Every structure is written in structure tokens, then in C-alpha cells.
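Enquirer: Fold the following for me, if possible:
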Amino acid sequence: MFEQKKHGRCILLLFLLGAFPLLLLSQNPPAPPGGGGAAPAVDPNTGLPIANTNAPPANTNAPGGGTNAPTVPRLTQADIEEAMRVFQDFVRLTRENAERGDPLHQHNLGVIYLQGIGRPLDFREAYKWFNKSAQQNYPNAQFNLALCFANGMGTQKSKVEAYRWWSLAASHGFEGAAIARDNMAFYLTREEIAQGQRMSRAFIDDFELKEKYKPRPKLKAPEPAPKYTGSTSNRLRR
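Expert: Numbering: from 1, shown residues only. Have a look, this model is predicted:
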């Protein structure tokens, strides 16, 4: 959790900087709001979109000046500096927890390197941390690790490996993983699909076996009670 110091605008910028969007495959651009799928007309003189004359009129009864558009607070330089400081602290804590082996923070650190957020863009580091997290059966990392294999980001391209990790993410019910897996299957032979499925099952069996025999942390034994000497009892008698 972020430290709350009544910096509303600072926190707003922090979320704009620190939001980690899920990396999904998109083949077609989304249709504009309102249906129909057609792009808005463009004025050839200005290059700007022409306003939709069929759009409903603005709500003139809305408080604040006849329009229902939300007002965006202006950020001062102090707000930006404070947001960057908090975000850098977040990145530092993310790395510390990732190095301790936490799969969620390992995944987030991979996204930081993949998108160059607060750190230089580094696909190899992104692949490294996605792989560490995915090996702990974390579905978000498994999805993004499949992206790395599908596009050769930080590692060698492998359609079979991409199919494998998307299959594992789909086994968790992770949104979009089954679609990405099935799309990749169009580019694979039957033998390659069977290979990816065997690799997925082998991973699950191996992971469950490791979890079953995973060593549990040793609990510290309570210290023995001090021996009774009788001195307290003698004082009470007096």
C-alpha cells in the first residue's frame, strides 16, 4: 500500500505512472464507442475529427458550468516530484520482495523492465523475472512469459513454449489465455501441440510434487521456564 499524505493529485499521477496494464494480444483495434465500427470523419483542412452531429447534447444542468465532463486537477511540480519519489520507493520495494522470491513482485518487476517504467527497458530482465514467477505457478507471469516466447523478447522465439505457458495460464482460468493458446495452435503441427500439452502436464505434476515435499519453516521452540528456587515463596510467607 502507498503512504497516504493527503496528496490527492500526487496519488492520481502515481497511479497514471505506476499502473501495470496486463499485456494481452490484440489483433484488431477496438471499434469507437457508439457501435458501427466506423472511424470518425476527419476535416481535410485541420486534420481533426469532425464532431458527431448525432451525439446527444451536453447536460447543461450539470453543476459547474453547463457540461458533464469531469474536471482534471492540475499537477504542480511539487506533486510530480512527490509522485516520482513514492513510485521509486515502490519500485525499490518491488525488487526487494522479488529477490526474496515473492511471485507477485517478480511478475511486477518483469512488467517494469518490459515497459521501461522507472527503469531502463530491458527485455532480458523482463524474461528473467517472468520466468522466476511463472515457475512458481503464478498465472499472470505465465501469460506474459508466453508473450516473451511468442515474440522473442529477451529469449529465443518458441511457438511451442508460448503454447505451453498460455496453456498453463488458461488452466487457472486466466482471462485471454485460452484464446491466445488456441490462436497459437493454428501455427503448430499436431506433434508440436502434443509436445506443448505434455510439457504443461509435466510442469503441473512436478510443481505439485515440489509443493507436497516442500520443506516447512522450522518453528522456534519456546524457551524453558526458569527453575523454581523457593525464594519468592519465602518472601510471601513473611
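
Enquirer: ok, then the element right after the helix or strand of the chain with the lowest mean pLDDT?
Expert: Sorting the helices and strands of the chain by mean pLDDT, DSSP states H and E puts helix 8-18 at the bottom, at a mean of 40. Note on helix 8-18: by DSSP states H and E, the next helix or strand toward the C-terminus is helix 77-99.

Enquirer: What is the helix or strand just after that next one packed up against?
Expert: For helix 77-99, the following helix or strand on the C-terminal side (DSSP H and E) is helix 103-115. In terms of contacts (3 or more Cβ pairs under 8 Å, 6 or more residues apart in numbering; DSSP states H and E), helix 103-115 is packed against helix 77-99, helix 123-134, helix 139-151. In this view, the C-beta of every residue, glycine as well, is placed from N, C-alpha and C.

Enquirer: any idea of the mean pLDDT in helix 103-115?
Expert: For helix 103-115, mean pLDDT is 95.

Enquirer: for it, which positions count as buried?
Expert: Residues of helix 103-115 classed as buried: 103, 105-114 (neighbour count, 16 or more other Cβ atoms under 10 Å).

Enquirer: okay if I get these as a markdown table plus distance to residue 200?
Expert: A markdown table is the format used below for the buried residues of helix 103-115 (distance: Cβ to Cβ, whole Å):
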| residue | distance to residue 200 |
| --- | --- |
| 103 | 18 |
| 105 | 25 |
| 106 | 21 |
| 107 | 19 |
| 108 | 24 |
| 109 | 25 |
| 110 | 21 |
| 111 | 23 |
| 112 | 28 |
| 113 | 26 |
| 114 | 23 |
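
Enquirer: Out of the residues you listed, which is nearest to residue 213?
Expert: residue 103 (19.2 Å; Cβ to Cβ).

Enquirer: Pretty sure the closest one sits against residue 138.
Expert: Yes: Residue 103 lies in contact with residue 138 (Cβ atoms under 8 Å); the separation is 3.9 Å.

Enquirer: how about the helices and strands packed on helix 103-115, which one is nearest residue 189?
Expert: Taking the helices and strands packed on helix 103-115 one by one with Cβ to Cβ, helix 139-151 is closest: 16.6 Å.

Enquirer: other SSEs contacting that closest one?
Expert: helix 103-115, helix 123-134, helix 159-171, helix 177-185.
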